[in-house]
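Peer 1: Coordinates for the following, if possible.
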Amino acid sequence: MGKTLREHFSMIRTKEEVLANIYDMPMVKSLYDAWKPEEREEFLEICTGAKGVKMLYDSFFKEIMNPEYTPDRLNDFLSLLLAQSVQIRSVLPSDSTRIADESSLLIMDILVELEDGSLANIEVQKIGYYFPETRSACYSADLLLRQYKRIRDEKRRLGKQFSYRDIQPVFVIVLFEESPLPFRQFRDVYRHYSGQKSDTGVILKHPQKFVYLALDVFKEKQDNGDGTIHNRLEAWLTFLCRDEPEWILKLIDEYPDFEPLYEDIYELCRNMEKVMGMFSKELMEMDRNTVKLMIDEMQAEIDQLYGEQNRKAEELRKLVKESEEQSRELEARRKEFEEQSRELEARRKESEEQSRKLEEQAQEIAQLKKMLAEK
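Peer 2: Just a heads-up that it's a prediction; the model follows:
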């Protein structure tokens, strides 16, 4: 029997230790008890190393790959993906007005500015959107316009003339957990690079670039292959989409510099309040997006079956009503957890104050003992 994750990473605790930690904090236990049985089991498997963390969860990805604190990690991944040297200059805020809720299962979205002024939007979709090229084109146009306005305004402040030659490429990078049908037709290709080009062969440097990663195709190819991680890009994809212990151990054996990333993950799992909050957030987001996907599919059926429109419309309204109720319940759970977190923080501060007073008392007793000894 091969080595387990807990044998390799000493900070991973046993199931009994994790449960004892949870049960030792009443409000944390209340959150844990509110999860479904399968959700509790998945959480325990992650914390005990029975399987790895799903790195494509938004909270976990941003914690481990945060370009503000560990820029080298995302720099390395993007450099390999774009086949050019990448240095992230800044992380940009998302524009809440842009293409806000297209009902795809979007589970991660991060916008960065590269060293040369290029913008890159990296997103993960759990289930491929019906029209990824249309969505990507809209995102790309948004990035291009943001860059144009920023450069134009900066030139004006400096009293300089704006030139379209100042515009740098914009990249839309999409990672599919379950890719759309057009990508699944290419069973041996998991990376697709797309850009605009002329039908005559004339070379035009259009700034809009698109990179699609079909992770389900990558996993299937890896499973059907020789069990080898062939290059560093495949190492990153293995890190992002594999949670099987045997693949994690294989990765860190062949690429040891990935080990600190897993160490960060399992150190995070020791902070029970934080990791439960992150996991709970992912569960709520998946619940919300699952309902939205169901609505999309229902609407598609209505459009196809016009003769059944009234019946389907009623079902859709009912589903919307149910989704609104679920959203209210999820919001109530979120507020309850925030209140529990505040209470835990208050208790922690109270405990610290008590510890400080006990320390002062201990010091006073020590001084009295010293005075008595001198007498």
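Peer 1: on contacts alone, who are the packing partners of the helix or strand where Glu345 lies?
Peer 2: With elements taken from DSSP states H and E, the one containing Glu345 is helix 309-374. Helices and strands touching helix 309-374, as assessed by 3 or more Cβ pairs under 8 Å, 6 or more residues apart in numbering; DSSP states H and E, comprise helix 26-34, helix 272-304. Every C-beta, even on glycine, is put in place using the N, C-alpha and C of the backbone.
Peer 1: Go through these and find the least confident stretch.
Peer 2: Here the helices and strands packed on helix 309-374 differ in mean pLDDT, and the lowest is helix 272-304 at a mean of 63.
Peer 1: in the stretch 151-300 of the chain, which spans are helices?
Peer 2: Along the stretch 151-300 of the chain, counting by DSSP state H, counting those that start in this stretch, helices occupy 181-184, 215-224, 232-241, 245-254, 259-268, 272-304.
Peer 1: now the strands for the stretch 51-200 of the chain?
Peer 2: Remark: strands assigned in the stretch 51-200 of the chain by DSSP state E, counting those that start in this stretch are 88-92, 106-114, 119-127, 170-178, 191-195.
Peer 1: burial measure for Glu329, as a count.
Peer 2: A count of neighbours around Glu329, defined by other Cβ atoms under 10 Å, yields 12.
Peer 1: Check Leu181 too.
Peer 2: Neighbours of Leu181 (other Cβ under 10 Å): 8.
Peer 1: Lys54 now?
Peer 2: So Lys54, with other Cβ under 10 Å, has 18 neighbours.
Peer 1: for it, phi and psi?
Peer 2: phi -80, psi 100 (degrees, to the nearest 10).
Peer 1: Identify the residues contacting Gly49.
Peer 2: Counting by Cβ atoms under 8 Å, 6 or more residues apart in numbering, Gly49 touches Thr4, Leu5, Arg6, Phe9, Ile12, Pro245, Tyr266.
Peer 1: my bad, should have said Thr238
Peer 2: Neighbouring residues of Thr238 by Cβ under 8 Å, 6+ apart: Gln222, Ile229, Trp247, Lys250, Leu251.
Peer 1: Out of these, which comes closest to Gln361?
Peer 2: Gln361 has its nearest neighbour among those in Leu251, at 52.1 Å by Cβ to Cβ.
Peer 1: Low-confidence bits of this protein, can you list those?
Peer 2: Applying pLDDT under 70 to the chain picks out residues 1-2, 94-108, 127, 129-131, 283-311, 375.
Peer 1: Based on its surroundings, how many neighbours for Ser30?
Peer 2: By other Cβ under 10 Å, 13 other residues sit near Ser30.
Peer 1: Let me know whether it touches Glu339 as I believe.
Peer 2: No: in this structure, Ser30 is not within contact of Glu339 by Cβ atoms under 8 Å, at 10.7 Å.
Peer 1: mind giving me a markdown table with the strands of the stretch 51-200 of the chain and columns for distance to Thr238?
Peer 2: What follows is the strands of the stretch 51-200 of the chain, written out as a markdown table (distance: least, Cβ to Cβ, whole Å):
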| stretch | distance to Thr238 |
| --- | --- |
| strand 88-92 | 22 |
| strand 106-114 | 18 |
| strand 119-127 | 16 |
| strand 170-178 | 13 |
| strand 191-195 | 14 |
